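Participant: Structure, please.
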Amino acid sequence: MKKINLTITGCMGRMGNQLIKSAKNNKNFKIVSLTEDKIINRKLVGIKPELNTSNAFKKTNVIIDFTIPKCTLEVLKIASRLKKRVVIGTTGFTKAQEKIIKNYSRKIPILKAGNMSLGVNLLMYLTEIASKSLGNNFLTKIYEVHHKNKIDHPSGTALMLGKGIADGKNKKLQSLIGKKYLNKRSFPYSKKINFNSMRKGEVIGEHEVRFSSGKEIVTLNHESFDRALYSEGALTAAKWLKNKKPGLYSMRDLLDFK
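Facilitator: Numbering: from 1, shown residues only. As a prediction, the model looks like this:
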């Protein structure tokens with residue numbers, strides 16, 4: 001099978017480095033370019049990182065982007081012009097930025113996920129089922145923990161799980177978002193969805209969804225031990241996206257959850 005030419009943006013970041021490691025060990029891919037938002041005067045895996053330009057993307061089939069929203073939109077602008085596929089693992093987009101991404105997906109195939117883990121996407125699916133089954137008699141809250149350097153909160157994954165709750169109730173997530181706490185030891189349930197984000201140490205990722213009726217509590221949770229599960233999930237997404245038509249896809253599309 002012919003290898004898929006791959007570009008990794010944000011190559012000097014945590015996920016950029018992990019993606020390089022995983023791609024090197026995956027027979028389906030060949031890294032053809034690496035990019036960063038500044039000039040890097042050394043090579044990684046024999047490739048000198050470039051800025052995000054048409055030249056950097058011209059030989060690639062798929063771009064994997066785990067950066068920041070501003071950079072992601074810059075990448076999409078170029079990718080759209082060159083008709084390149086993009087896997088987005090970046091989180092923290094505003095509603096206006098989400099709309100821009102949707103517009104780009106009319107021109108190129110984009111797979112966007114707040115979390116590339118199979119387990120987390122299964123958790124979101126189970127969260128939706130629980131929300132639908134338990135109904136309005138149960139109040140909800142979401143707890144998440146990430147490393148001390150993670151900027152956005154709640155995490156993209158926590159918001160994904162919130163969407164699972166909202167979908168189970170046939171409601172829009174924005175209408176159900178409650179209070180957003182940071183580094184609280186405890187936080188209350190609500191008729192809406194309250195979030196508590198902890199930032200500490202080098203934690204890769206912990207997420208917990210709780211449903212309470214006041215008489216019983218149902219808990220769904222997931223814990224990540226190895227950052228490779230995200231990079232391997234992103235590569236699976238890139239391979240899947242290779243033959244797709246323009247559109248905005250998710251890991252749920254890839255996993256074919258009904």
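Participant: now Asp37: how far from Val62?
Facilitator: 20 Å (CB to CB, to the nearest Å). For glycine as for every other residue, the C-beta is placed from the backbone atoms N, C-alpha and C.
Participant: if you count what's nearby, which of those two comes out ahead?
Facilitator: The neighbour count for Asp37 versus Val62, taken as other CB atoms under 10 Å, is higher for Val62 (25 against 17).
Participant: Spatially, what comes nearest to Thr7 if we skip its sequence neighbours?
Facilitator: The spatially closest residue to Thr7, leaving aside those adjacent along the chain, is Thr60, at 4.1 Å (CB to CB, 6 or more residues apart in numbering).
Participant: buried ones in stretch 24-32?
Facilitator: Buried residues in stretch 24-32, counted by 16 or more other CB atoms under 10 Å: Asn26, Phe29, Lys30, Ile31, Val32.
Participant: Now do the same contact list for Ile47.
Facilitator: Ile31, Val32, Ser33, Leu34 (CB atoms under 8 Å, 6 or more residues apart in numbering).
Participant: Report the contact partners of the residue nearest to Ala166 when sequence neighbours are not counted.
Facilitator: Excluding the flanking residues, the one nearest Ala166 by CB to CB, 6+ apart is Leu173, at 4.3 Å. By CB under 8 Å, 6+ apart, Leu173 lies in contact with Leu159, Gly162, Lys163, Ala166.
Participant: who wins for neighbours among those residues?
Facilitator: Gly162 (26 neighbours).
Participant: hang on, the earlier thing: so which of the buried residues of stretch 24-32 are in helices?
Facilitator: Of the buried residues of stretch 24-32, none are assigned to helices by DSSP state H.
Participant: between those, which is nearest Thr7?
Facilitator: Val32 (6.4 Å; CB to CB).
Participant: What residues does the closest one make contact with?
Facilitator: Val32 neighbours (CB under 8 Å, 6+ apart): Asn5, Leu6, Thr7, Ile47, Lys59, Thr60.
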